[in-house]
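S.K.: sequence first, then the predicted structure:
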Amino acid sequence: MPIATKGAVKTMSSRDMKNLGAQILLSNTYHLLLRPGLEAMRELGGLHRFMNWDGPILTDSGGYQVFSLSKMNKTTEEGVTFKSHIDGARVNLTPELSMQMQAAIGSDIVMQFDDVAAGDSSRERYDEAMERSLRWAGRCKAEYSSLRAPAKQSSKIASSPLDELGAPRNDETALFAIVQGGTHEDLREKSARGLMEIGFDGYAIGGLSVGEKREDAYRIVKRVCEILPQDKPRYFMGGGMPEEIVAYVQMGVDMFDCVIPTRNARHGTLFVWNQDPATVDWSAYQDPRPENLFYDRLRITGESNALDQSPIDSHCDCETCKTTSRAYMRHLFSVQELLALRLATIHNLHFYLTLMRCLREWIQKTE
RNA sequence: GUGCCUAUGGUGUAACGGUUAGCACACGAGUUUGUGGAACUCGUAGCGAGGGUUCAACUCCCUCUAGGCACC
């Protein structure tokens, strides 16, 4: 899932994302709650219509912002009090408000509001975050269920001249829970079983890629995937590097989101296939530290690209690679042309989407 | 021709008779994992040249060179 935190994948239009073949976008409850706000989002008819995107949208609940913006908030059992990073105003985000905002957004996949512990937390803190997330999961399901019936009617996308991307979606939505527990297998197990008892449409693995060792993340994902139901989607939140995704897919994870392709693109790091993606042996990437990767990271701003007129990625057929040499791309970054960010984003998203398509085909073939 | 002023990394600048000459930009390398921040970290690189005074000179003095200003 490419990330459209504030209702747009940075530098991309919804049509761009359609052209890239993106199937679903992730957006963020916390950011949209600050701007445009709950009432405005309701009045605007939800995010699909607002940003003219007719594919599915998954919304992060805001729980992660407690962690990533930890200097500006305070957590209690009731919820989290944020100090807005925009104007300093206090915002009280609770599981209930998160559900209401996600309903206003018209989210297709609603994430529970959770408590995320940092990667170097004590067992006590992991335990606390996991138990609180479990309690909040229950509150989220109750609120989600009460909102669902009325939300069904109001979230329908009216046809309008703006709706150029296709037919209105159906109104099926899903609520996903989030397994917490840090790097402790027993806490993870308790979390997963507790959430399954409540019952959700899908299960996410949260609280990883937050500073812990990769080996620990692999061990936890493997363990959690053994517990989670076979017939519900599993979603690894926030990661990761391409080889991590390959490994997690083999452990049974279905969905991913990550800022790496888009953020790295804007900072001049491009992902480049070092072999034909159609013939990669994906089974070679089950270890945390594989010996050889199937891609290279190209730092396009480097001087060595100054006169390099070769394509960015000879195995790629994205718009950028069809039109842009390494030298030109480096130049665009050097002179800070906005086009650099856009072309780089197109390529990195295409790389990640190609990776996921290849993995889907491979999994379908082997099953 | 005469007088005066100036000279510090690639560029623009700071400081001081006494620790390793500071800063910004540029350049280079790295980091980015449920995106507040086209962000962050690290690095390369300098006292115009020569002589003198001094325990010690980028700093004070002299000469030269280059640039600027004024006058004839």
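M.R.: Arrived safely, thanks for sending.

S.K.: okay, CA-based contacts and neighbour counts for the rest of this
M.R.: OK.

S.K.: run the chain-centre distance for the strand or helix carrying residue A:97.
M.R.: Residue A:97 is part of helix A:95-105 when elements are defined by DSSP states H and E. Mean-position distance between helix A:95-105 and its chain equals 18 Å (CA atoms, centre = their mean, to the nearest Å).

S.K.: just the strands in the stretch 51-200 of chain A please.
M.R.: A:57-60, A:73-75, A:80-83, A:90-93, A:109-111, A:174-179 (DSSP state E, counting those that start in this stretch).

S.K.: tell me which of these lies nearest to RNA strand B.
M.R.: strand A:57-60 (4.8 Å; CA to the nearest atom of the strand).

S.K.: low-confidence stretches in chain A?
M.R.: Residue ranges of chain A with pLDDT under 70: A:70-72, A:149-171.

S.K.: so where do the helices sit in it?
M.R.: Under the criterion DSSP state H, helices of chain A are mapped to A:14-20, A:29-34, A:38-44, A:47-51, A:63-68, A:95-105, A:123-154, A:185-198, A:214-227, A:242-251, A:260-266, A:319-323, A:326-334, A:338-366.

S.K.: how about the ones you listed, which one is nearest residue A:86?
M.R.: Closest to residue A:86 of the helices of chain A is helix A:29-34 (CA to CA; 8.0 Å).

S.K.: mind saving the C-alpha coords of that closest one as PDB?
M.R.: C-alpha atoms of helix A:29-34 as PDB (Å, rounded to 0.1, in the frame of the first residue of the first chain):
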ATOM      1  CA  THR A  29      -6.700   9.300  10.700                       C
ATOM      2  CA  TYR A  30      -4.600  11.600  12.800                       C
ATOM      3  CA  HIS A  31      -3.500  13.900  10.000                       C
ATOM      4  CA  LEU A  32      -7.000  14.100   8.500                       C
ATOM      5  CA  LEU A  33      -8.500  14.700  11.900                       C
ATOM      6  CA  LEU A  34      -6.400  17.800  12.200                       C
END
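
S.K.: need the contact list for residue A:221.
M.R.: Contacts of residue A:221 were listed using CA atoms under 8 Å, 6 or more residues apart in numbering, and they are A:205, A:248, A:251.

S.K.: the closest residue in space to residue A:33 that isn't next to it in sequence - how many residues pack around it?
M.R.: Of all residues not flanking residue A:33 in the chain, residue A:101 sits nearest, at 6.8 Å (CA to CA, 6 or more residues apart in numbering). Neighbour count for residue A:101, taken as other CA atoms under 10 Å: 26.

S.K.: surely residue A:101 is in contact with residue A:34?
M.R.: No. In this structure, residue A:101 is not within contact of residue A:34 by CA atoms under 8 Å, at 10.5 Å.

S.K.: with adjacent residues omitted, what lies nearest to the most centrally placed residue in chain A?
M.R.: The residue lying closest to the centre of chain A (CA atoms, centre = their mean) is residue A:257, at 2.6 Å. On the basis of CA to CA, 6+ apart, the spatially nearest residue to residue A:257 that is not a chain neighbour turns out to be residue A:1, at 4.7 Å.

S.K.: count of residues packed around that neighbour?
M.R.: Neighbour count of residue A:1, defined by other CA under 10 Å: 21.

S.K.: got it, and residue A:86?
M.R.: Using other CA under 10 Å as the criterion, residue A:86 is surrounded by 9 other residues.

S.K.: for it, which residues are in contact?
M.R.: By CA under 8 Å, 6+ apart, the contact set of residue A:86 is residue A:34.

S.K.: mind listing what the residue lying farthest from the centre of chain A touches?
M.R.: Largest separation from the mean C-alpha position in chain A: residue A:307, at 36.0 Å (CA atoms, centre = their mean). Residue A:307 makes contacts with A:326, A:327, as judged by CA under 8 Å, 6+ apart.

S.K.: roughly how far does it sit from residue A:345?
M.R.: Using CA to CA, to the nearest Å, residue A:307 is found at 22 Å from residue A:345.

S.K.: contact residues of the stretch 151-300 of chain A facing RNA strand B?
M.R.: Residues of the stretch 151-300 of chain A lying close to RNA strand B by CA under 7 Å from any atom of the strand are A:178, A:206-210, A:237-241, A:257-260, A:262-264, A:266-269, A:299.

S.K.: which residues does the residue nearest to residue A:257 contact?
M.R.: So residue A:1 contacts A:22, A:23, A:24, A:25, A:26, A:255, A:256, A:257, A:258 (CA under 8 Å, 6+ apart).

S.K.: the closest residue to residue A:341 other than its chain neighbours - how many residues pack around it?
M.R.: Of all residues not flanking residue A:341 in the chain, residue A:266 sits nearest, at 4.9 Å (CA to CA, 6+ apart). Residue A:266 is flanked by 21 other residues according to other CA under 10 Å.

S.K.: circling back: for the contacts of residue A:221, which one is nearest residue A:327?
M.R.: Nearest to residue A:327, judged by CA to CA, of the contacts of residue A:221 is residue A:248 at 35.3 Å.

S.K.: count of neighbours near that closest one?
M.R.: Residue A:248 has 24 neighbours, counted by other CA under 10 Å.
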